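> Below are the sequence and a predicted model for it; my questions follow.
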Amino acid sequence: MSGHSKWASIKHKKAIVDAKRGQAFTKVIREITVAAKTGGGDPNTNPRLRTAIQAAKDANMPSDNIDRAVKKGTGELEGVTYEEVAYEGYGPQGTAILVACLTDNKNRAASEIRSLFNKGGGTMAGAGSVAWIFEKKGFIVVLKSAISEDALMEIVLGAGAEDMTSTDTAYEITTGSHDLWAVREALEKAKIKMESATLTMIPKNLVAVSVDSGRSVLKLIEALEEHDDVQNVYANADIPEEVIKELA
C-alpha cells in the first residue's frame, strides 16, 4: 500500500493549491446535499454526510451554508436534484483516470467530459474500464511537528489503520473506508492536529510516466477538476518528483 498511496499524497498537495480557488465550496455543498439525500440528514447515522460536513468545516464554510445544503438533500428546502455518475478513461501513457461527478444532466456532462479527455490527450472509455484499479480508502495527513513517528503509529494502528508512511514533512495514514472515523476520533482524542482526513480512491497499481507526460496528466486532471459537475479526479500515474515539486 505504501507506494500506492503516492497518488493520495499528490491529491493532498493539489488540494492545498486548489483550496485557493472559488470552486471548493460548491463541490462540498453538492456532496453534502447528495449525502443527505441518499443516507438521511443525521450525520451520526450517515458516515458519508459526516465526512462531507467535516470537509466543509475544514474549509471554514459557515454553518448556515452547511445546514441549507443538508435541508436541500432531505427535501426540507427546494434545490437542484443531482445524480452521481463516474466517467472512466485513459490519460497520457495509458494512465487510468476515474472522474467522479454530481450532475443535473448526465448527457451534457458525458459529452463535456469526453471533450476534455480528447483535448487533454486522453480518451474516455466505457464503464468498468478502469474503476477496478481503484479502492476506496481513508487518507489522513499529520505534520511531523505534531508528534513522533512511534507515538503516532501506536495510536493509528491501535485504532485500525492499515498503513503509515513518512514524507519529508508529514506522516500519511491509510485506512479502510469504514475505519477512517475511528482513526480520526483516536487522533482527536489524543489532541493530534490533522492536516486532512478524507475518503479517497487509491490505485492498486501505478504507471510510471515521464516528466512531460506527468505534466500532461496533471494538466488533464486540472481541466477535468475545473468542470462544474466534477467532484473528484483520481489517476494511477506515478508522477515524477520533479513534477510534484512544481505543484507548490
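Noted; the coordinates are in hand.
> Give me the secondary structure label for the residue nearest the centre of the chain.
Residue closest to the average C-alpha location in the chain (Cα atoms, centre = their mean): residue 200, at 4.3 Å. Per DSSP: H, G, I helix; E, B strand; the rest coil, the local secondary structure of residue 200 is strand.
> close enough to count as contact, it and residue 235?
No - judged on Cβ atoms under 8 Å, residue 200 makes no contact with residue 235 at a distance of 11.7 Å. For the C-beta atoms, the positions are set from N, CA and C on the backbone; glycine is no exception.
> what about the residue nearest to residue 228 when sequence neighbours are not counted, how many neighbours?
Nearest residue to residue 228 in three dimensions, chain neighbours excluded: residue 26, at 7.3 Å (Cβ to Cβ, 6 or more residues apart in numbering). By other Cβ atoms under 10 Å, the residues close to residue 26 number 11.
> does residue 26 belong to a helix or a strand, and which?
Secondary structure assignment for residue 26, by DSSP states H and E: helix 23-39.
> repeat for residue 197
Using DSSP H and E, residue 197 falls in strand 196-203.
> all strands of this structure, in order?
Applying DSSP state E to the chain gives strands spanning 83-90, 96-103, 123-125, 134-143, 163-166, 170-176, 196-203, 207-208, 230-235, 237-238.
> Ok, which of these comes nearest residue 9?
strand 170-176 (5.7 Å; Cβ to Cβ).
> model confidence over the closest one, on average?
In this model, strand 170-176 has an average pLDDT of 93.
> Tell me which strands that strand pairs with, and in which orientation.
Sheet pairing of strand 170-176 (DSSP bridges) gives strand 134-143 (antiparallel), strand 163-166 (antiparallel).
> where does the longest one sit relative to the chain's centre, distance-wise?
A distance of 9 Å separates the centroid of the chain from that of strand 134-143, by Cα atoms, centre = their mean, to the nearest Å.
> Now do it and strand 96-103, the angle between them.
90 degrees (axes from the mean of the first three to the mean of the last three Cα atoms, to 10 degrees).
> quick one on the thing from earlier: okay, buried residues for the strand holding residue 197 please.
196, 197, 198, 199, 200, 201, 202, 203 (16 or more other Cβ atoms under 10 Å).
> Which two of those have the greatest separation?
Those two in the buried residues of strand 196-203 that are separated most widely, counting by Cβ to Cβ, are 197 and 203, at 19.9 Å.
> re the thing from before, highest mean neighbour count across the strands paired with strand 170-176, which stretch is it?
Sort the strands paired with strand 170-176 by mean neighbour count, taking mean count of other Cβ atoms under 10 Å, and strand 134-143 sits at the top with a mean of 20.
> what is the mean pLDDT for that one?
93.
> and the end-to-end length of stretch 126-144?
42 Å (Cα to Cα, to the nearest Å).
> How about stretch 175-182?
Start-to-end span of stretch 175-182 (Cα to Cα) is 9 Å.
> and what of stretch 101-111?
End residues of stretch 101-111 are separated by 13 Å (Cα to Cα).
> who's in contact with it?
30-31, 34, 80-87, 113, 227, 229-231 (Cβ atoms under 8 Å, 6 or more residues apart in numbering).
> So what's the residue count around the residue lying closest to residue 232 once chain neighbours are set aside?
In space, and not counting its chain neighbours, residue 232 is closest to residue 100: 4.5 Å by Cβ to Cβ, 6+ apart. The burial count assigned to residue 100 is 16, neighbours taken as other Cβ under 10 Å.
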